[in-house]
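> quick one, what's the 3D model for this:
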Amino acid sequence: MNNAAFALLVLAAGYIAARRSLIWRPHIFRSDGHALYFLVVVTAIAVAAFSSLALHEIERIPHLGSFIQSCLDRLLKAFGAGKVSLSLGSIALVSVAASFLLAWILNVPLVECRTLRGALLMRLSCLSELEEFLWATTARQLPVMLTMSSSKVYVGFAIDASTTRGEREWVRLEPFLSGYRDEKQGFEPVTDYTWLHTGTADPNQRPIEDFDILLPADEIRSVHAFDLPTYLTKFKQSEPFEGPLQQERTPRETAPKATKAERFYVAYVAGIFTLPVASFFFGLLGLAIWLLLTFLCARASMLEEVEPGSAGS
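Numbering: from 1, shown residues only. Model prediction:
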């Protein structure tokens, strides 16, 4: 094995870390060419730097450090690595192990706090506009109304957008109502699925998942949040509309500020990657304090929740 092979192993570690990350995974599947290459290279550099410093600190531990280094040297020599390549080879091997460990550690707050994950995915432009909208409505537990090109209308709760593949091709819906648009584009409900959500269904019958509807994303003509009380009181009126034709528009934030959860998560990520640095400069006591602060940032990032709002359609 030579330095080129070890460099490829470091790049593989970068790809593994990005591939297993809940934040960078969408970019991996939706990027190609230079964008994908640079994403992997940047991730590989970060993982290799972390692994190099971590390995240096581990080697300073009496007995354990020398044992681990001896095992790495014997493994590399078995594959024909020379003395000059042992250092890079050790970093490459540790990088592969660290890529799995770092991805798992950094994913913990994202798994525990779905709203944090959705906020970061949208802030980093990992999702399409449709997926962002479905993330936001699902987080607020709001149904959505989807109008298809065939004028068929479905109302229901959107199941989480999958970020493990490319751009969404299908939308999975837990149905609430279905119907169609009439000649005046008014919504005419036909099938009522509300019994699925009220607990009145026979528990011995089929589970609610069997009633999920898959809709092709490329045939969706419009999608918006749907609130049944608002729809009945504001839109389903027997009298003609007599309100003002012009009304001042409520201003909306086009670039919302980062939430506390996002800031704490960024601090958590920075704390994880700088753990070896804290150990290098401040010793065991500094490492312990840094670990405590990093843990507190992780816990704080999982406490933030999106405040529920109301929307109509």
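
> need the helices for the stretch 1-150 of the chain, in chain order.
3-20, 25-30, 33-59, 64-78, 86-112, 114-123, 129-139 (DSSP state H, counting those that start in this stretch).

> mean pLDDT, distance to residue 263 and mean neighbour count for those - can I get that in a markdown table?
No exception for glycine: its C-beta is placed from N, CA and C like everyone else's. Shown next, in a markdown table, are those (pLDDT from 0 to 100; distance: least, CB to CB, whole Å; neighbours: other CB atoms under 10 Å):
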| stretch | mean pLDDT | distance to residue 263 | mean neighbour count |
| --- | --- | --- | --- |
| helix 3-20 | 89 | 23 | 18 |
| helix 25-30 | 77 | 22 | 19 |
| helix 33-59 | 88 | 20 | 17 |
| helix 64-78 | 80 | 36 | 14 |
| helix 86-112 | 90 | 12 | 19 |
| helix 114-123 | 80 | 11 | 20 |
| helix 129-139 | 78 | 19 | 19 |
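
> tell me which of those sits nearest to residue 157.
The closest of the helices of the stretch 1-150 of the chain to residue 157 is helix 129-139. By CB to CB, the value is 7.1 Å.

> is residue 300 in contact with residue 260, as I believe?
Yes - Residue 300 is within contact range of residue 260, at 7.3 Å (criterion: CB atoms under 8 Å).

> with neighbour numbers in mind, choose between those two.
Remark: of residue 300 and residue 260, residue 300 carries more neighbours, 17 against 12, as counted by other CB atoms under 10 Å.

> do you know how far the nearest residue to that one once chain neighbours are set aside is from residue 140?
Nearest residue to residue 300, sequence neighbours excluded (CB to CB, 6 or more residues apart in numbering): residue 264, at 4.1 Å. Relative to residue 140, residue 264 is positioned 22 Å away (CB to CB, to the nearest Å).

> those two - which one has more neighbours?
A direct count of neighbours by other CB under 10 Å for residue 264 and residue 140 places residue 264 higher, at 21 against 15.

> torsion angles phi and psi at that one?
Main-chain torsions, residue 264, degrees, to the nearest 10: phi -70, psi -30.

> residue contacts, it?
Contact partners of residue 264, counting by CB atoms under 8 Å, 6 or more residues apart in numbering, are 297, 298, 300, 301, 304.

> so who does the first one touch?
Read it as residue 297. Residue 297 touches 264, 265, 267, 268, 271, counting by CB under 8 Å, 6+ apart.

> turn the residues you listed into a markdown table, including pLDDT.
Shown next, in a markdown table, are the contacts of residue 297 (pLDDT from 0 to 100):
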| residue | pLDDT |
| --- | --- |
| 264 | 92 |
| 265 | 92 |
| 267 | 93 |
| 268 | 93 |
| 271 | 93 |
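
> including distance to residue 124 and secondary structure, could those residues go into TSV?
Formatted as TSV, these follow (distance: CB to CB, whole Å; DSSP: H, G, I helix; E, B strand; the rest coil):
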residue	distance to residue 124	secondary structure
264	16	helix
265	12	helix
267	17	helix
268	16	helix
271	19	helix
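
> alright, I will stop here.
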